[in-house]
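1. Using only what follows, build the 3D model:
(6 chains)
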4 protein chains.
Amino acid sequence: MQSRSSAPRTGRTGRPRSAEADEAILAATRAALVELGWSGLTLGDVATRAGVAKTTLYRRWAGKNELVVDAVAVLFDELELPDRGSLAADVEGVVLQFAGLLERPETKTALMAVVAESTSDAVLRDRIRSSIVDRQKRLVTEGRARAQARGELPTESDPETAARGSDLIFDVIAGAVVHRCLVSSKPVDTDWARDFTRLLLSGLTAISPA
Amino acid sequence: MQSRSSAPRTGRTGRPRSAEADEAILAATRAALVELGWSGLTLGDVATRAGVAKTTLYRRWAGKNELVVDAVAVLFDELELPDRGSLAADVEGVVLQFAGLLERPETKTALMAVVAESTSDAVLRDRIRSSIVDRQKRLVTEGRARAQARGELPTESDPETAARGSDLIFDVIAGAVVHRCLVSSKPVDTDWARDFTRLLLSGLTAISPA
Amino acid sequence: MQSRSSAPRTGRTGRPRSAEADEAILAATRAALVELGWSGLTLGDVATRAGVAKTTLYRRWAGKNELVVDAVAVLFDELELPDRGSLAADVEGVVLQFAGLLERPETKTALMAVVAESTSDAVLRDRIRSSIVDRQKRLVTEGRARAQARGELPTESDPETAARGSDLIFDVIAGAVVHRCLVSSKPVDTDWARDFTRLLLSGLTAISPA
Amino acid sequence: MQSRSSAPRTGRTGRPRSAEADEAILAATRAALVELGWSGLTLGDVATRAGVAKTTLYRRWAGKNELVVDAVAVLFDELELPDRGSLAADVEGVVLQFAGLLERPETKTALMAVVAESTSDAVLRDRIRSSIVDRQKRLVTEGRARAQARGELPTESDPETAARGSDLIFDVIAGAVVHRCLVSSKPVDTDWARDFTRLLLSGLTAISPA
DNA sequence: AAGTAAACGAGACGGTACGTCATGTCTTACT
DNA sequence: AGTAAGACATGACGTACCGTCTCGTTTACTT
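-> I've put the predicted structure just below:
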């Protein structure tokens, strides 16, 4: 599955595009994001860092938004869901992993910015969804299946209902972590992860007495 | 309570600042956000729309970020929490209200953008928190107190634990709605609000059988 | 008489244009022409040399052509026609003076270039004519009047015929010197000036026997 | 007669150069000059028009200047000097012919431009001289010889003096026509040609009374 | 009523980045 | 080896905004 820019190859003649350039540009983009943040990042600077001409960059990506999406998308693929033996432990694990990813300056500054831009750019919105968001739903479906196998969660027969449930769980987990990190700007530590997990599993009515 | 820019008034002599200009600028900012989005918004354009000189604008706000925070902050104060008789109904109500706010183009494009900028700007972060975020926590504390009065939720004696709980609930509700709206870009309708409320109140283990 | 750029002043409000900037830019343009020649001259470089922003330059001139015309026009005003006592001496004098001007690298490289561009740009053509060419016709009319006063040339009663004659003489003198200098690229020395003057005054049929 | 670029043929192996490509490129260059003028002409566009790769073009010419010199040089070879029976008629004829050539957009825009470039490029200067200028001196020497045979002009015994005279006449005729056409931008019609010829043959002192 | 001090509109200023274009070189596969 | 196609590094282009500045003007509070 490829998230390459506009058109990978049209014809077969002519000098082929440099494969090294692609990775150099994405790495330079991440480095620039760390140093300069989203609004300080310029495509000219990225090109210089990558040892590449600005034209090469514009030949592959339409602009800053698209480039950054591709540059950070790969980081999200690092997320894993090791089996920790229980649903609660799995949720805590993924929450902490996701928070760790959001603490990295390149993701923290880039993610909200591209989401903001995507509110007025449908193409970008699709790109974000296909390159970043949808790919991480695997964590939810996998964790849920595991919990069902353990008997911690009931099996859902209707596939559509199952999908709606997964979407909801995904929005709640990802949304809560993002909001805690970036909006409330408070740390996602083990205490918070435990509190959150308890709320998620047992609901509001059960949190206080515990 | 005012979130005026740098210094409202230092001396007492000289021509006083125009009060109309302030509101004209904020209204122009919101209008420009709707038409152009965050990245298309320029301060020169805002000044023109407001019928004001650029200098007047810079005399009051330090830059685009600060201006937009002030311009959208007031919109969040519209949120209310009418008593609907039960905790579930109150949660559903606030979720739908919040979602309605996020559907408006000026908030949707502005909120994520300033949050993104705030990741590398502590002053802006504080401004967002004091002008927008913290002021809406009243909805959580109010709703919670009401539920406790109804006996739907246990009373929390330790005030620190109570605050931690409110923060968590706030991050979960606001985060889930924002994520659903802006990242997953799917509608927050009554169905979703009901599903989310059930999850929030009863927890994961209880959602499917219902 | 001013050959200022587009619009000298439209309104009376706002910060007035820097008068120093104008002269600094024209001087920088001449210096850059000497060092780099026409095709090597860039507006960015001129701006840097003049200690001025590129925008300031574009605010005053529409492009390279217009700027260079203004920059070299003033040099042509240095030409004078001191009375040397006879028509032949006056012609020789002005030929050598004009040749001296054309030897300067800033004029030599600029003049032909802007003339070349003017072949496909009517506005530029008029600008060249009014800023440079027509202003030097004074040399011809003055020299001719002086010769008529001396009795070396017959007086022309019809003003239109007189104008046609002056135009012709101007084209022949200026054209010959320019062609000798820039196309044939041979020196315009006193020998050549004497030969040319004899041809101009007495015609082809008389040159060889002398 | 060869105005080929770098080297016609060095080795004998490999695929031979396409002979058609050469003429296609020169024709495309002339067409592009007409449409776009000197500064609008690009080598990439010429290559496209000629149905040729840019590489092919660069293999044969060093750059825009050289290419254009070759493209327009051939046009100047069209000039002829039919015997019209008298020196005055011959001069008038060649003046009108030359003016007709200079009215063509490809020559008008190209000639001055390459001359301008040649002021800072000695190699180009030589190329222009050998490809264009010197080849047209034949018109002067031929016309002069014809006039001498008719007895209209005295015979010049010293060959060096004769050459100096021809150079001078050439500069005066060519210079005057070029200046009239391109600098004064007024038409070279039969009236002007007659006036100019009378001045050239009889000199200043004789023009008015006629 | 006159004086004073700051805010006001207008717009020029030095900068920086933009996204495009042309140059001249190169790499590939084909002839 | 010559070719068409097209990617490449380089660097100028002309534009748009930035945030600051310099004007001349307006508007309130002082004396």
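2. thought residue A:87 was touching residue A:201?
-> Yes: Residue A:87 is within contact range of residue A:201, at 6.8 Å (criterion: Cβ atoms under 8 Å). From N, CA and C alone the C-beta is placed, and that goes for glycine too.
3. what touches both of these two?
-> Residues touching both residue A:87 and residue A:201 (Cβ atoms under 8 Å, 6 or more residues apart in numbering or on different chains): residue B:204.
4. For chain C, see how far away the closest residue to chain D within chain A is.
-> Nearest to chain D, among the residues of chain A, is residue A:14, at 10.0 Å (Cβ to the nearest Cβ). Going from residue A:14 to chain C by Cβ to the nearest Cβ, to the nearest Å gives 30 Å.
5. same thing with residue A:114?
-> 31 Å.
6. Kindly report the same for residue A:56.
-> Here the distance between residue A:56 and chain C works out to 22 Å (Cβ to the nearest Cβ).
7. That residue sits in which helix or strand?
-> Per DSSP states H and E: residue A:56 is located in helix A:54-60.
8. Work out the gap between that helix and the centre of the chain.
-> Relative to its chain's centre, helix A:54-60 lies at 25 Å (Cα atoms, centre = their mean, to the nearest Å).
9. Show me which parts of it are buried, residue by residue.
-> Neighbour-count burial for helix A:54-60 flags A:56-57, A:60 (criterion: 16 or more other Cβ atoms under 10 Å in any protein chain shown).
10. helices and strands around that helix, which ones?
-> For helix A:54-60, the packing partners by 3 or more Cβ pairs under 8 Å, 6 or more residues apart in numbering or on different chains; DSSP states H and E come out as helix A:19-40, helix A:43-50.
11. angle of the helix or strand just after that helix against helix A:19-40?
-> Next in sequence after helix A:54-60, counting helices and strands by DSSP H and E, comes helix A:64-76. Counting by axes from the mean of the first three to the mean of the last three Cα atoms, to 10 degrees, helix A:64-76 lies at 110 degrees to helix A:19-40.
12. contact partners of helix A:64-76?
-> In contact with helix A:64-76 (Cβ under 8 Å, 6+ apart) are residues A:3, A:5, A:25-26, A:29-30, A:33, A:38, A:41, A:43, A:46, A:57, A:61, A:101, A:104, A:106-107, A:110-111, A:113-114, A:117-118, A:121, A:124, A:127-128, A:131-132, A:135-136.
13. Which segments of chain A make up each domain?
-> Under the assignment automatic domain parsing, the domains of chain A span A:19-60, A:73-207.
14. right, and the secondary structure at the residue of chain A found nearest DNA strand F would be what?
-> Relative to DNA strand F, the nearest point of chain A is residue A:14 (2.0 Å; Cβ to the nearest atom of the strand). Of the three states, residue A:14 takes coil under DSSP: H, G, I helix; E, B strand; the rest coil.
15. Residues of chain A that sit close to DNA strand E?
-> Counting by Cβ under 7 Å from any atom of the strand, chain A comes close to DNA strand E at A:12-16, A:42-45, A:54-55, A:58, A:63-64.
16. need the contact list for residue A:152.
-> By Cβ under 8 Å, 6+ apart, the contact list for residue A:152 reads A:86-87, B:205.
17. With residue A:82 instead?
-> residue A:93.
18. which residues of chain A score low on pLDDT?
-> In the predicted model of chain A, residues A:1-11, A:207-210 satisfy pLDDT under 70.
19. who in it is up against DNA strand F?
-> Neighbours of DNA strand F within chain A, by Cβ under 7 Å from any atom of the strand: A:10-11, A:13-18, A:21, A:51-56, A:59-60.
20. Now, of these, which are buried?
-> Looks like the residues of chain A next to DNA strand F have A:21, A:52, A:56, A:60 buried, using 16+ other Cβ under 10 Å.
21. For chain A, give the residue positioned nearest to chain C.
-> Nearest to chain C, among the residues of chain A, is residue A:44, at 14.8 Å (Cβ to the nearest Cβ).
22. how near is the residue lying closest to that residue once chain neighbours are set aside to chain B?
-> Of all residues not flanking residue A:44 in the chain, residue A:54 sits nearest, at 5.8 Å (Cβ to Cβ, 6 or more residues apart in numbering or on different chains). For residue A:54, the distance to chain B equals 19 Å [Cβ to the nearest Cβ].
23. how about residue A:46, what does it touch?
-> By Cβ under 8 Å, 6+ apart, residue A:46 lies in contact with A:25, A:28-29, A:32, A:57, A:67.
24. One more pass at 6 Å, please.
-> A:28-29, A:32 (Cβ atoms under 6 Å, 6 or more residues apart in numbering or on different chains).
25. Phi, psi for residue A:155 please.
-> Phi and psi for residue A:155, reported as degrees, to the nearest 10, are phi -80, psi 140.
26. May I have the secondary structure class of the nearest residue to it once chain neighbours are set aside?
-> Nearest in space to residue A:155, with sequence neighbours left out and distances taken as Cβ to Cβ, 6+ apart, is residue A:148 at 5.2 Å. Here residue A:148 is recorded as helix under three-state DSSP.
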